[in-house]
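Student: the following comprises the amino acid sequence and a computationally predicted model.
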Amino acid sequence: MKIIVKNIIYLLFYGLIISCNSDNNIPSVKNKYQDLVKIFQDFRAIQKPSITDGVPDYSPKAMAHQKASLDNLQAQLGLIDTAGWSVSDRVEYHLVKAEMHGLEFYHMVLKPWSRDPGFYLQTQDGAGPTRAAYFYIDEFPIKDEELTEARIKLIALPEVLSQAKKNLTDGAGDLAYSALHYLHYEIILYERIYKKIKDHHPELESIAAKALEAVKEYDSWLKENKSKMTAQAGVGKDNYNWWMKNVQLIPYTWDELYDIIMREDDRLLTTVAMERNRNRDLPELKPVSSRDEHAQQKIEALRHVMEFTKVESLFTIPEWIGFEEYLGGANALATGWNDNFANSYVGSGETAEWPGVRDFFHKTADREPLPEQTHEFIGHHLDHGFHRRDDRIILGADRQYAIEMIRLEGWAFWLEEMLMHAGYLDDKSARSREIVYWQAAFRTCRAVADLKMHSNEFSLQEAIDYVAECAPNGWNIPNGPHAWYEMQTNLRYVGWHMGMVIGKLAMNQIIAEKIRQQGNDFSYKRFFEEYFAAGIIPMALIRWQLNGNEDEIKFLMDES
């Protein structure tokens, strides 16, 4: 495997340098936590591309410089001796090491700047690695204090896309296919930006027109050059294994993960069939019939889950958490694409008229919103709130290279079923339980697509078709916006949906171990205080931090 061979060569080369040095020049071993903090801060600095007049530099020369800087920092990290450190400090050491492996993987395998035309688009909506310095203006007219930055970024866009054409020397066919799908929406986005600027800022009209024209030219260029982009988009099993072991800190191979996912899928399908047999005399759940009804049902679900967790003493809900911030963000009670928001995801299928496009999770939530709102509110919103208030230099930093994905999604996914067992659906129709299992089964379905795209058994389109076929009740729209978004996420963020399932199972592992340690003294409330305090870090590190079990870490320290 390419990345393994590279590591062997690097270690031999580094060892040769040390052996050729005089004793006085041999790098000294460091053993202080502050040494780790300094290396981490230096690492954060090299992750950012240089930006000149709004144009980030992803040229071969710039990327080679970044890789050389990474090699140097990895060598420095390797000289730190953590003997005698607390478990907490050693956890942070391995977190930094994993993030460095993430950037290494980007350079050795993913290379989004040279393989992925979607890297340079913003309507791919964060479903993978993205360039720096997007035109993120939320409202028109643009605020006075944001006008200068807006002007710079609009002027920069033609040069950004011109450089993209030069950088994309290793284009992967399915990544080009995905980018062309989203370029349709990129053009719509910049047409709307142009219209808003013409209406509100006529002095910027000419540069907005040039930005729009540059997007159209990029679309034409990609259509002309797509046939030359023949590389496989999937990373292959060996690289998938390396990514999971060294970046995500998951101690399983592709084959082991596939088996785990399928056994979980078996459990879910058998269980939901039993639920439906038990509920056979009950009426099916009916979806809401209006946007007002949808909004009211959503708010009632949020109030219900807040009260339920409080009564059951499962975990403490901080005073700072509230509906207003949650409902005003990504989970807004949308009325369709708001013309005041230039960066709304124009390919989402949302319309001002009810019902718009109702994809899988719309259809489940329209019938029973509690599982999905629990996932988003208690799962993600609470998590993000804790993280925003975490001022620790390393643990409080935003994670890079999707290292947070298994922790974040595993926890939120875990909540849906476990709170059902705790009783949060007891006052609902028994058919509400079917929604929980259907949502879970759809996630194992998407996890299989994830795995098979990266083993190169599925193309992107085959994965999109597959998740329409395996979605419970046929509720996922064939070739629809949800399937496109989630499958490009799988392809561009390696292991995303597989990680949701394995993260949920890791939650069970950590909790079960804690119960074995504490017996009847175990308390969910106390456990979750420790869990949130550990920060948003890989599950293996949380397990070590909370339970003292470092067997996975010892296995993962072997970097083969």
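Tutor: Structure received.

Student: which strand or helix spans Asp483?
Tutor: No Asp there; residue 483 is Ala. Taking DSSP states H and E as the criterion, Ala483 maps to helix 481-492.

Student: could you check the angle helix 481-492 makes with the next helix or strand after that helix?
Tutor: Under the assignment DSSP H and E, the closest C-terminal helix or strand after helix 481-492 is helix 496-518. Interaxial angle of helix 496-518 relative to helix 481-492 (axes from the mean of the first three to the mean of the last three Cα atoms, to 10 degrees): 80 degrees.

Student: so what touches the helix or strand just after helix 496-518?
Tutor: As assigned by DSSP H and E, the chain's next helix or strand after helix 496-518 is helix 524-533. The contact list for helix 524-533 (Cβ atoms under 8 Å, 6 or more residues apart in numbering) reads 313-316, 383, 386, 510-511, 514, 542, 545-546. To be clear about C-beta, it is placed using only N, CA and C from the backbone, and glycine gets the same treatment.

Student: try stretch 451-463
Tutor: 174, 177-178, 232-237, 239-240, 254, 257-258, 261, 449-450, 466, 487-488, 490-491, 494-495, 498.

Student: tell me which of the contacts of helix 524-533 fall in strands.
Tutor: Counting by DSSP state E, no part of those is found in strands.

Student: can you flag the buried ones in the residues you listed?
Tutor: Buried by 16 or more other Cβ atoms under 10 Å: 314-315, 383, 386, 510-511, 514, 542, 545-546, out of these.

Student: can you give me the domain boundaries for this structure?
Tutor: Listed by automatic domain parsing, the domain ranges of the chain are 2-115, 117-228, 238-556.

Student: may I see those organised as CSV, with mean pLDDT added?
Tutor: What follows is those, written out as CSV (pLDDT from 0 to 100):
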stretch, mean pLDDT
domain 2-115, 86
domain 117-228, 94
domain 238-556, 91
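
Student: widest-spaced pair of the buried ones among the contacts of helix 524-533?
Tutor: Largest separation among these by Cβ to Cβ: Leu314 and Gln545, giving 20.4 Å.

Student: just the helices in the stretch 351-500 of the chain please.
Tutor: Taking DSSP state H, counting those that start in this stretch to define them, one finds helices in the stretch 351-500 of the chain at 360-367, 370-373, 382-388, 405-422, 432-454, 460-470, 481-492, 496-518.

Student: and these: which comes nearest Tyr218?
Tutor: helix 481-492 (17.5 Å).

Student: quick one: list the elements packing against that closest one.
Tutor: On a contact count with 3 or more Cβ pairs under 8 Å, 6 or more residues apart in numbering; DSSP states H and E, helix 481-492 meets helix 173-200, helix 432-454, helix 460-470, helix 496-518.

Student: out of these, flag the one nearest Pro355.
Tutor: Proximity to Pro355 (Cβ to Cβ) singles out helix 432-454 among those, at 17.7 Å.

Student: helix 173-200 and that closest one, what's the angle between them?
Tutor: Using the same axes, to 10 degrees, helix 432-454 lies at 110 degrees relative to helix 173-200.

Student: right, and Leu77 touches Ala98 too?
Tutor: No - when contacts are counted by Cβ atoms under 8 Å, Leu77 is not listed as touching Ala98 (10.9 Å).

Student: can I get the helices of the stretch 351-500 of the chain in JSON lines including distance to Asp53?
Tutor: Below are those laid out as JSON lines (distance: least, Cβ to Cβ, whole Å):
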{"stretch": "helix 360-367", "distance to Asp53": "41"}
{"stretch": "helix 370-373", "distance to Asp53": "43"}
{"stretch": "helix 382-388", "distance to Asp53": "31"}
{"stretch": "helix 405-422", "distance to Asp53": "33"}
{"stretch": "helix 432-454", "distance to Asp53": "37"}
{"stretch": "helix 460-470", "distance to Asp53": "35"}
{"stretch": "helix 481-492", "distance to Asp53": "28"}
{"stretch": "helix 496-518", "distance to Asp53": "34"}
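
Student: out of those, the one nearest Thr148 is which?
Tutor: That would be helix 382-388 among the helices of the stretch 351-500 of the chain, by Cβ to Cβ, at 27.3 Å.

Student: how far out from the middle of the chain is the closest one?
Tutor: 16 Å (Cα atoms, centre = their mean, to the nearest Å).

Student: ok, now stretch 303-313?
Tutor: Taking mean C-alpha positions (Cα atoms, centre = their mean), stretch 303-313 and its chain are 28 Å apart.

Student: convert the C-alpha atoms of that stretch to CSV, please.
Tutor: The C-alpha trace of stretch 303-313 is given here as CSV (Å, rounded to 0.1, in the frame of the first residue of the first chain):
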residue,chain,number,x,y,z
ARG,A,303,-40.3,20.2,24.7
HIS,A,304,-41.1,16.6,25.3
VAL,A,305,-37.5,15.3,25.0
MET,A,306,-36.2,18.1,27.3
GLU,A,307,-38.7,17.3,30.0
PHE,A,308,-38.1,13.5,29.6
THR,A,309,-34.4,13.7,30.1
LYS,A,310,-34.9,15.9,33.1
VAL,A,311,-37.4,13.6,34.8
GLU,A,312,-35.4,10.5,34.0
SER,A,313,-32.1,12.1,35.3
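
Student: got the contact list for it?
Tutor: Stretch 303-313 is contacted by residues 315, 317, 370, 373-374, 377-378, 419, 422-424, 524-525 when judged by Cβ under 8 Å, 6+ apart.

Student: kindly report the same for stretch 278-292.
Tutor: By Cβ under 8 Å, 6+ apart, the list of residues contacting stretch 278-292 from outside reads 294, 297, 333, 335, 354, 358, 363, 366-368, 429-435.

Student: and those residues, which are buried?
Tutor: For the contacts of stretch 278-292, buried by 16+ other Cβ under 10 Å: 294, 297, 358, 363, 366-368, 429, 431-435.

Student: can you tell me how far Ile197 is from Ala208?
Tutor: According to Cβ to Cβ, to the nearest Å, Ile197 and Ala208 sit 4 Å apart.

Student: got any residues that touch both of the two?
Tutor: Contacts common to Ile197 and Ala208, judged by Cβ under 8 Å, 6+ apart, are Leu154.

Student: Ala449: neighbouring residues, count only.
Tutor: 27 (other Cβ atoms under 10 Å).

Student: mind listing what it touches?
Tutor: Applying Cβ under 8 Å, 6+ apart to Ala449 gives the contacts 458, 463, 466-467, 487, 490, 497.

Student: dump those to JSON lines, plus distance to Gly503 and neighbour count.
Tutor: JSON lines is the format used below for those (distance: Cβ to Cβ, whole Å; neighbours: other Cβ atoms under 10 Å):
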{"residue": "Phe458", "distance to Gly503": "22", "neighbour count": "23"}
{"residue": "Ala463", "distance to Gly503": "20", "neighbour count": "26"}
{"residue": "Tyr466", "distance to Gly503": "22", "neighbour count": "19"}
{"residue": "Val467", "distance to Gly503": "19", "neighbour count": "24"}
{"residue": "Met487", "distance to Gly503": "19", "neighbour count": "28"}
{"residue": "Asn490", "distance to Gly503": "15", "neighbour count": "28"}
{"residue": "His497", "distance to Gly503": "10", "neighbour count": "26"}
